[in-house]
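K.L.:
Sequence plus the predicted model coming up.
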Number of protein chains: 2
Amino acid sequence: MTTASTLLREQGLRVTAARVAALDVLDTAAHLSTDEIATAVRERIGSVSVQATYHLLDALTAAGLVHRVDLAGFPARYERRATAHHHLACRGCGHLVDVDCSAEDGPCVHLADRQGFAVERAEVIFWGLC
Amino acid sequence: MTTASTLLREQGLRVTAARVAALDVLDTAAHLSTDEIATAVRERIGSVSVQATYHLLDALTAAGLVHRVDLAGFPARYERRATAHHHLACRGCGHLVDVDCSAEDGPCVHLADRQGFAVERAEVIFWGLC
DNA sequence: TTCTTATATTTGACCAATTCCAATATAGAG
DNA sequence: CTCTATATTGGAATTGGTCAAATATAAGAA
């Protein structure tokens, strides 16, 4: 098993209580907002500021240890799930569930004309009401 | 040709100078932000407040006369294009271009398990750098 | 172990996009 | 032309998030 601190070290990131706690928290629940993560981290290590949580999540995201799910109209949320998937989102309450990608490998949607863009990824969001 | 005022009346909306101007503006340019629309409307009718523009765009959106493109990290933009399409977005500057939908009719992405959601639409965003 | 230094965290100010509210103006029915 | 429901205005407030300076701390070197 790969512990949070090992993962952090592997990415050249310092191992701090807050970062370890954030990774642990995201291991047990998906789609948490910065605020929810800050609260959950506090339960584990006593205290963290919201700003530190923002910063720490930026660092984890940049290192690829977590993924940021940023849907318009709702605060950003974070997840650790590694495999390709999409999201089914409730436009009413923002509730989010994972949707397996229909394509086994590679993007399940393609782009014929790149129009001069360096395309990085395709994001698929199913909007509805839960 | 269907004029803006006819469209408004058809939807049971009052015909106001600001609404007509907003529809006209969106006829000539796509993907405009609320602020850009307010500015363009001012050039046509003299003045509008930003708040009125927000409100008016809400009304036009609710009536289905315009479509709101709301990508995380950038102010909402509006467009009038009727046919199904997706968007190619620059994560750097927010620049947005339309992408024809590969599927001729119906959604080009499907969902196997609805997980109790009333799914309304699938949004596909290609993220990259322009 | 202790020192050092680069990197994290904290605190607090600040910002942009948007919404809410009460007051005023106006479209369109009668 | 009048009346009333609906639009617009202006101002304040909210939300989600960034920025910058001061302080604390992880982890490599002595």
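P.N.:
Happy to help now that I have it.
K.L.:
Give me the angle between the longest strand belonging to chain A and strand B:118-129.
P.N.:
Using DSSP state E to assign secondary structure, the strand with the most residues in chain A is strand A:118-129. Compare the direction of strand A:118-129 with that of strand B:118-129 by axes from the mean of the first three to the mean of the last three CA atoms, to 10 degrees and you get 160 degrees.
K.L.:
which strands and helices sit next to strand A:118-129?
P.N.:
Strand A:118-129 sits against strand A:85-90, strand B:118-129, with contacts defined as 3 or more CB pairs under 8 Å, 6 or more residues apart in numbering or on different chains; DSSP states H and E. C-beta: built from backbone N, CA, C; applies to glycine.
K.L.:
which one of those is the most hemmed in?
P.N.:
By mean neighbour count, with neighbours taken as mean count of other CB atoms under 10 Å in any protein chain shown, strand A:85-90 ranks first of those at a mean of 20.
K.L.:
can you state the direction angle for it and strand B:118-129?
P.N.:
Counting by the same axes, to 10 degrees, strand A:85-90 lies at 130 degrees to strand B:118-129.
K.L.:
helix or strand right after strand A:85-90?
P.N.:
Helices and strands here follow DSSP states H and E; after strand A:85-90, the next one along the chain is strand A:96-100.
K.L.:
Can you list the buried residues in that following strand?
P.N.:
Residues A:96, A:97, A:98, A:99 are the ones in strand A:96-100 that count as buried (16 or more other CB atoms under 10 Å in any protein chain shown).
K.L.:
Which one of the helices and strands packed on strand A:118-129 lies nearest to residue B:37?
P.N.:
Across the helices and strands packed on strand A:118-129, residue B:37 has its closest neighbour in strand B:118-129 (21.5 Å, CB to CB).
K.L.:
No more questions from me, cheers.
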